[in-house]
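**Student:** I'll drop the sequence and a predicted model, then ask my questions.
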Amino acid sequence: MIKRRSKKKALITGIAGFAGSYLAELLLKKGYRVYGFLAPREKIDNIKHLKNNLKLDRFDILKADKVSNFIKKSKPDYIFHLAALSSVGLSFTNEKSTYDVNFIGTYNILIAIAGLKTPPKKIVFVSSPDIYGRFKPTAKKLDETQPFNPVSPYAVSKIAAEYLCLYYYLHHKLPIVRVRPFNHTGPRQNTDFAVPSFCRQIAEIENGLKKPKMSVGDLSNKRDLSDVRDIVRGYYFLARKGEPGEVYHLCSGHAVSLRSILNKLRRMAGVSINVSEDINRFRKSDIPVLKGDYSRAAKTVGWFPEYKLEQTLQDTLNYWRKKITK
């Protein structure tokens, strides 16, 4: 009698978030049993269409016993730690919460894994290029050796969590891969971020819910912008083939200004829109340019970005058009 091979199991923290929902979709398509937990009052809009295929629980990541029990119960082959307070801007007003969730939350995950008899095959920790802060020359392409220079509580929290991951790799032999995904966007991202904020405003203008005027922050900043679907595919590749203890960039490899992004979206709009920059929306902590080098990920796991920026922007705008119409 031939035994059926049991499905591999993956646990995603932050599963109901923007990137987490796309990662859950990808892993289900790959045949994984997918587990995840939700914060106490977290909405599940992003994963509502997947809910019946997921193993979910709801608790605070700061409750170490709850975290440990869920990990012991699920016994995952792979863990993707995405859960975080991820808004740079909001980290200034929610400083303590940012440190608690992003650092103590990570500690609770790692201490729970360290207590398992059989550790997962791989743990993917999601960090951020915001840890690099300001640097010179500003147009340089950043690789994984770039020195840290944090300019926000969010960046500080991610550096601390990265060092924690490195410690657990070195001293507890946990197979942790750290990944620094540069800016990414797409449908489902909330409007705390520039692209979905632009798209929502355009959709509201098209539907007559808003005057054809947009007030925005500093459009001169340049970002290395990828599609969320490319980024989560990178997480999957790194879980399968990434080197434990290593850190990897996932990015497009080139920078584009927010002004250029907004102009592309305005050309996609069905109406003419006037734009004005509001100096009150400018942040002193903004990093003028972020541009990454993904050659290590390409060489190690064969990851390359596939989505063109125009497709990402069009898909995001269409998402908000449908959402506003509903």
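**Tutor:** Great, that's in hand.

**Student:** and the residue nearest to Ile44 when sequence neighbours are not counted, which of the three is it?
**Tutor:** Excluding the flanking residues, the one nearest Ile44 by CB to CB, 6 or more residues apart in numbering is Ala16, at 5.1 Å. Every residue, glycine included, has its C-beta placed from N, CA and C. Going by DSSP: H, G, I helix; E, B strand; the rest coil, the secondary structure assigned to Ala16 is coil.

**Student:** how many neighbouring residues does Ala16 have?
**Tutor:** 25 (other CB atoms under 10 Å).

**Student:** and what of Ala155?
**Tutor:** 24.

**Student:** do the same with Gly115
**Tutor:** Around Gly115 there are 12 residues (other CB under 10 Å).

**Student:** also the one 4 residues further on?
**Tutor:** Around Pro119 there are 17 other residues, counting by other CB under 10 Å.

**Student:** for it, phi and psi?
**Tutor:** phi -70, psi 160 (degrees, to the nearest 10).

**Student:** I'd like to know how far it sits from Lys299.
**Tutor:** As for Pro119, its distance to Lys299 is 26 Å (criterion: CB to CB, to the nearest Å).

**Student:** what ranges do the helices span in the stretch 1-150 of the chain?
**Tutor:** If DSSP state H, counting those that start in this stretch is used as the criterion, the helices of the stretch 1-150 of the chain fall at 18-29, 64-74, 88-91, 95-99, 105-114.

**Student:** using JSON lines, lay out the ones you listed together with mean pLDDT and mean neighbour count.
**Tutor:** Shown next, in JSON lines, are those (pLDDT from 0 to 100; neighbours: other CB atoms under 10 Å):
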{"stretch": "helix 18-29", "mean pLDDT": "98", "mean neighbour count": "22"}
{"stretch": "helix 64-74", "mean pLDDT": "97", "mean neighbour count": "17"}
{"stretch": "helix 88-91", "mean pLDDT": "89", "mean neighbour count": "19"}
{"stretch": "helix 95-99", "mean pLDDT": "98", "mean neighbour count": "17"}
{"stretch": "helix 105-114", "mean pLDDT": "98", "mean neighbour count": "21"}
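
**Student:** and the longest helix along the chain, what's buried?
**Tutor:** What stands out as the longest helix in the chain, according to DSSP state H, is helix 153-172. Using 16 or more other CB atoms under 10 Å as the test for burial, helix 153-172 gives 153-162, 164-165, 168-169.

**Student:** then stretch 128-143?
**Tutor:** Quick answer for stretch 128-143 (16+ other CB under 10 Å): Ser128, Pro129, Asp130, Ile131, Tyr132, Gly133, Phe135, Lys141, Leu142.

**Student:** could you pull up the mean pLDDT of that stretch?
**Tutor:** Mean pLDDT, stretch 128-143: 92.

**Student:** and what of stretch 302-313?
**Tutor:** Stretch 302-313 shows a mean pLDDT of 98.

**Student:** likewise for stretch 154-166?
**Tutor:** Rounded mean pLDDT across stretch 154-166 is 98.

**Student:** coming back round to it: now the longest helix of the chain against helix 105-114, angle please.
**Tutor:** 20 degrees (axes from the mean of the first three to the mean of the last three CA atoms, to 10 degrees).

**Student:** who's in contact with the following helix or strand past helix 153-172?
**Tutor:** Along the chain past helix 153-172, the next helix or strand (assigned with DSSP states H and E) turns out to be strand 176-181. The contact list for strand 176-181, computed with CB atoms under 8 Å, 6 or more residues apart in numbering, reads 19, 110, 122-129, 131, 144, 162, 165-166, 168-169, 226, 231, 234-235, 238-239, 242-251, 292.
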